[in-house]
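In: Predicted model and sequence follow; I will ask about them next.
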Amino acid sequence: MDKEYKPKIIEEEAREYWEKNNSFKTDLSNTENKFYCLSMFPYPSGKLHMGHVRNYTIGDLISRSNKMRGKNVFQPMGWDSFGLPAENAAIENNVHPAKWTEKNIKHMKEQLTNLGFSYDWSSELSTSDPKYFRWEQWFFLQLLKNKIVYKKNAEVNWDPVDKTVLANEQVIDGRGWRSGALIERKQIPQWFLNISNYSQELLDSIEELEHWPSSVKIMQKNWIGKSEGVNIEFKIKNSQSCVSVFTTRLDTLLGVTFISISPSHPLISKNVVKNKEIKVFLEKFSSTKLSEESLSTIEKDGVDTGLRAIHPLTNEEIPIWIANYVLEGYGTGAVMSVPGHDVRDYDFAKKFNLPIINVVTSSNNQDNTESPFVEEGILINSGKYNNLTSIRAKDVILKDLANRNQASKKIKYRLRDWGISRQRYWGCPIPVYYHNDDKSLHPIPEDQLPVKLPDDIDFSLDGNPLANHPTWKKIKCPITGKDSTRETDTFDTFFESSWYYIRFLSANNNKELLDKKHNLWLPVDQYVGGIEHAILHLLYARFFHKLMRDLKIVNNSEPFLSLLSQGMVLKDGAKMSKSKNNTVDPNDMITKYGADTIRLFIIFASPADQNLEWSDSAIEGSFKFLKRLWSLCYSYNEIKEHVVCSKQNDIKKIRKKIHHSIMRVTQDFFERKSFNTAVATMMELLNELIKFHKLYPNEKDTLYEGISSLLKMLSPISPHITHYIWFVLGSDNPIHSESWPNLDKSALEESKAELIIQINGKLRSRILVDTGANEESVKAIASSEQKIKPYLMNKKIKKIIFVKDKLINFVV
RNA sequence: GCCCGGGUGGCGGAAUUGGUAGACGCAAGGGACUUAAAAUCCCUCGAGAGCAAUCUCGUGCCGGUUCGACUCCGGCCCUGGGCACCA
């Protein structure tokens, strides 16, 4: 053992050992005691960033520590390799997306290896690999058979200059990021997955997710957004048609002063659009970005359609307005506007001088004309419904309307069907085609999968490169021989990431999507990934798992048993991302300090589920810790002969520290998932061991007890240094396959407890008492304490609060 | 705008069930070693008052519950994430 800690040398050595011995290969045929630990696979953007390092260090520490506790661990890694950045790189640097992606994967895999993560690389997969997406296409065809997928027209952000569909992130201030042209909303035919059918199940089974953070569960619940309300039909004056609105506040029906419909509502016929004012409004609206955020933050705007609805109770005429804040996809795309009791309607009414009627009041009768009263209360200005409570009024009004067939109870979900088609090249082709003569839709026969992308592709033309390809889409129907055209849309990349955790279990299987024998590895026992995926990715994966279950591919209903949502690594207060150009390259740190230090630091720096504001300076402390550990182990190794320490009390003290640390780290690792405090505990233990060793330089046995426990507990975080020292200290077995240190409870026993004395809840003194001392004896000792006496003099003790071995509080 | 987090010394954070606020680490200051520097080691380190013992204040802001609140409740401010085509 070298006197000096040289991370570079020992880290290389450790990695060679792991590779040579296939240390992290999992036998998937053995499912006994299985523990499937998965970190979210990365998009191969080029370089690993700190968020990855954090994510994967947490995953690796969970994998390695569970292995030491006897679990049969499987920890795979792969690449979410379809996506927009590859196409951007192709346009900007004239490299083929496949080449660009391949190069990035190679580099990032090397980085992952250099960080010492214990992945089973034999199950590696890339979603852009035909071996992967072949099964995705097959799965899609099963969904098509089962009518889970369908096609309909939907709006996109359209760049009229580049003639291309823009992602929300590519729209900046209402303009295309490259062309700078004002975007337009455009309807195009698109593929959808019927996730709505699963809304209720996705909602209900959230309850089963015992080991998920409650914040994520609440977010998903709200996202699905179940609401129970009523559909009301408003007749339209001088017309046969009706406008249907959904409301959860039927009690405010008498406060309706207008109806608002979304700008793409079917009521807006060609006839209506002839009106110039309306045409101008719709054109202006067309350049609003297609996101809920922009809809709810733009200034309220609208225009009167001239159409009049008839109020179902009063028969009064109510104007129908087009309003820019009404969502097309939610409910019926029309709302009954009650400005007296809804904030958005109120703002709209104020702007356009529409009447505001208050029909609900709070029970304590505090009328506030400045802002609408949005809570439930008691009805006023509502004719025969006056003085009813909101809850009662909803029932009564519903009954009255239902009798006339003008309303019915309805359950709505906020969750919308998932649009899965993209007009891009670098994605998985949707395996269908259309006959040229009648445009009829046909699936590619399963035995002809995968449908691969053409290699020769031209990005210089406007629009979708795949659609522009001269020959790729032109095929003969494999059944009839008719001239046909391939679907040129590709999948949303969320499609790939929604089932990769299943494919990892059969990554190299060419016969089926999932090997039946590996089925028992599901669900994933521990999933680790960024909080930014709390809704979309995790919801889609849960949805896919249920689809796979219905197709009898998997036999449970939820994919991820336990979820750790790690906070983000921020730089200058914001998410690190290429577009913000605020990334920190972990490579520099690895070169300077080694992988063990960077892993240790990123775990120590903050709790896993909180954001971490990156700073370069603090890492020094973690490096120092490893150096001190190294130096203590070096000294230990130099001890020639064990000399028994004469002071039994000091032995007892250090053994208590050792086992107290084992207890805390074990809790922190496996129960609390509080890894930063586990590191703090290990730092404390090292400090104590160093002090002990200075006092008793030849007391070998106790020191070994401390060092070996510390090395084992540290090995999941800093695996290289611990691997190296472990062998030096004389073991034949690598530390990663050792068992977790045993807790000796007898070492923790203590005869005295420090107790605090409070007067009126304020700390005034401390005393040492026998553990388990009762209130009477503690009261006697405490009240005769020098510092306490003056506080009790001439005072009447009203109450004594006593907590065993903790405190006594005199209330005077 | 809506949903979900977070706010504690100069900084990252700790306080596990309402019971000792600031563990552990960084930075800073002082000292030892050294020709010197680096490395290492030792000491100090929330604010104010005091020679000191010690006392007072202090966990984003305002208010409440409690013998006792960083922790629970109500209202507000700031900040991070998500908002369905970034992944």
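Out: Looks like it came in fine.
In: on contacts alone, who are the packing partners of the helix or strand containing A:Asn587?
Out: Take DSSP states H and E as the rule and A:Asn587 turns out to sit in helix A:586-593. Applying 3 or more Cβ pairs under 8 Å, 6 or more residues apart in numbering; DSSP states H and E, we find helix A:586-593 packed against helix A:50-68, helix A:97-114, helix A:595-604, helix A:619-638. Every C-beta, even on glycine, is put in place using the N, C-alpha and C of the backbone.
In: Show residues contacting the last one.
Out: Yep, that's helix A:619-638 we're talking about. Contacts to helix A:619-638, defined as Cβ atoms under 8 Å, 6 or more residues apart in numbering, come from residues A:1, A:3-5, A:7, A:589, A:593, A:596-598, A:600-601, A:604, A:683, A:686, A:689-690, A:693, A:697, A:700, A:703-704, A:707, A:710-711, A:714, A:718, A:721, A:725, A:728-729.
In: repeat for stretch A:263-278
Out: By Cβ under 8 Å, 6+ apart, stretch A:263-278 touches A:155, A:185, A:187, A:236, A:241, A:243, A:261, A:279, A:281-282, A:285, A:303, A:305-307, A:320, A:322, A:324, A:326, A:328, A:333-334.
In: again, only this time at 10 Å
Out: Applying Cβ atoms under 10 Å, 6 or more residues apart in numbering, the contact partners of stretch A:263-278 are A:153-155, A:185, A:187, A:236, A:239, A:241-243, A:259, A:261-262, A:279, A:281-282, A:284-286, A:288, A:301-307, A:309, A:320, A:322-324, A:326-329, A:332-334.
In: pLDDT of it, averaged?
Out: Per-residue pLDDT values over stretch A:263-278 give a mean of 84.
In: So is that stretch next to RNA strand B?
Out: No - using Cβ under 7 Å from any atom of the strand, stretch A:263-278 never reaches RNA strand B; the gap is at least 14.9 Å.
In: Buried residues, that stretch. List them.
Out: By 16 or more other Cβ atoms under 10 Å, the buried positions in stretch A:263-278 come out as A:Pro263, A:Ser264, A:His265, A:Leu267, A:Ile268, A:Val272, A:Ile278.
In: Let's have these in a markdown table, adding secondary structure.
Out: Below are these laid out as a markdown table (DSSP: H, G, I helix; E, B strand; the rest coil):
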| residue | secondary structure |
| --- | --- |
| A:Pro263 | coil |
| A:Ser264 | coil |
| A:His265 | coil |
| A:Leu267 | coil |
| A:Ile268 | coil |
| A:Val272 | helix |
| A:Ile278 | helix |
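In: Not counting its neighbours along the chain, what's nearest A:Phe35?
Out: A:Lys71 (3.8 Å; Cβ to Cβ, 6 or more residues apart in numbering).
In: helices or strands up against the helix or strand hosting A:Thr485?
Out: Applying DSSP H and E as the criterion places A:Thr485 in strand A:483-486. Counting contacts by 3 or more Cβ pairs under 10 Å, 6 or more residues apart in numbering; DSSP states H and E, strand A:483-486 packs against strand A:432-435, helix A:465-468, strand A:474-476.
In: pLDDT at A:Trp321, what is it?
Out: 95.
In: quick one, what contacts it?
Out: Counted by Cβ under 10 Å, 6+ apart, A:Trp321 has contacts A:258-261, A:302-307, A:337, A:348-349, A:352, A:354.
In: and the stretch 1-150 of chain A, which of its residues are near RNA strand B?
Out: A:Pro42, A:Tyr43, A:Asp80, A:Phe82, A:Gly83, A:Leu84, A:Pro85.
In: Could you rerun that using 6 Å?
Out: Applying Cβ under 6 Å from any atom of the strand, we find that the stretch 1-150 of chain A lies next to RNA strand B at A:Tyr43, A:Asp80, A:Gly83, A:Leu84.
In: ok, the first one to A:Asn104 distance?
Out: Read that as A:Tyr43. Look at A:Tyr43 and A:Asn104: by Cβ to Cβ, to the nearest Å, they are 9 Å apart.
In: intersection of neighbour lists for the two?
Out: Joint contacts of A:Tyr43 and A:Asn104 (Cβ under 10 Å, 6+ apart) are A:Trp79, A:Ser81, A:Pro85, A:Ala86.
In: For the last one, pull up the helix or strand it's in.
Out: Just to be clear, that refers to A:Ala86. helix A:84-93.
In: what mean pLDDT does that helix have?
Out: The model assigns helix A:84-93 a mean pLDDT of 92.
In: That one packs against which elements?
Out: By 3+ Cβ pairs under 10 Å, 6+ apart, helix A:84-93 packs against helix A:97-114, helix A:465-468.
In: Can you pull the residues of the stretch 551-700 of chain A lying near RNA strand B?
Out: Applying Cβ under 6 Å from any atom of the strand, we find that the stretch 551-700 of chain A lies next to RNA strand B at A:568, A:570, A:573-575, A:605-607, A:610-613, A:615, A:617-618, A:620-621, A:624, A:627-628, A:664, A:667, A:672, A:674, A:676-677, A:680, A:683-684, A:687.
In: Quick one: buried ones out of the residues you listed?
Out: A:Met568, A:Leu570, A:Ala605, A:Ser606, A:Pro607, A:Leu612, A:Arg628, A:Arg664, A:Ser674, A:Asn676, A:Met683.
In: Which ones among those lie within strands?
Out: Judged by DSSP state E, the subset of these located in strands is A:Leu570, A:Leu612.
In: is it possible to export the buried ones among the residues of the stretch 551-700 of chain A next to RNA strand B to CSV including pLDDT?
Out: CSV is the format used below for those (pLDDT from 0 to 100):
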residue, pLDDT
A:Met568, 90
A:Leu570, 82
A:Ala605, 95
A:Ser606, 95
A:Pro607, 96
A:Leu612, 92
A:Arg628, 97
A:Arg664, 97
A:Ser674, 97
A:Asn676, 97
A:Met683, 97
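In: A:Trp740: which of the buried ones among the residues of the stretch 551-700 of chain A next to RNA strand B is nearest?
Out: When those are compared for distance to A:Trp740 (Cβ to Cβ), A:Arg664 wins out at 13.5 Å.
In: could you measure that closest one against A:Thr771, distance?
Out: As for A:Arg664, its distance to A:Thr771 is 19 Å (criterion: Cβ to Cβ).
In: go on, A:Leu379?
Out: According to Cβ to Cβ, A:Leu379 stands 64 Å off from A:Thr771.
In: The two: which is more packed in?
Out: When A:Leu379 and A:Thr771 are compared for neighbours, A:Leu379 comes out ahead with 26 against 12, by other Cβ atoms under 10 Å.
In: And for the residue of the stretch 651-800 of chain A found nearest RNA strand B, nearest residue in space, chain neighbours not counted?
Out: Closest approach between the stretch 651-800 of chain A and RNA strand B, counting by Cβ to the nearest atom of the strand: A:Gly761, at 2.5 Å. Spatial nearest neighbour of A:Gly761, chain neighbours left out: A:Asn809 (6.1 Å); criterion: Cβ to Cβ, 6+ apart.
In: Shouldn't the one you found be within a helix?
Out: No - per three-state DSSP, A:Asn809 lies outside any helix segment and is strand.
In: how about the strands in the stretch 151-300 of chain A?
Out: A:164-166, A:171-172, A:175-176, A:184-193, A:226-236, A:242-247, A:258-261 (DSSP state E, counting those that start in this stretch).
In: Looks like A:Gly229 contacts A:Tyr330 (just checking).
Out: No - using Cβ atoms under 10 Å, A:Gly229 is not in contact with A:Tyr330; the gap is 11.8 Å.
In: Now the common contact residues for these two.
Out: A:Phe246, A:Lys412.
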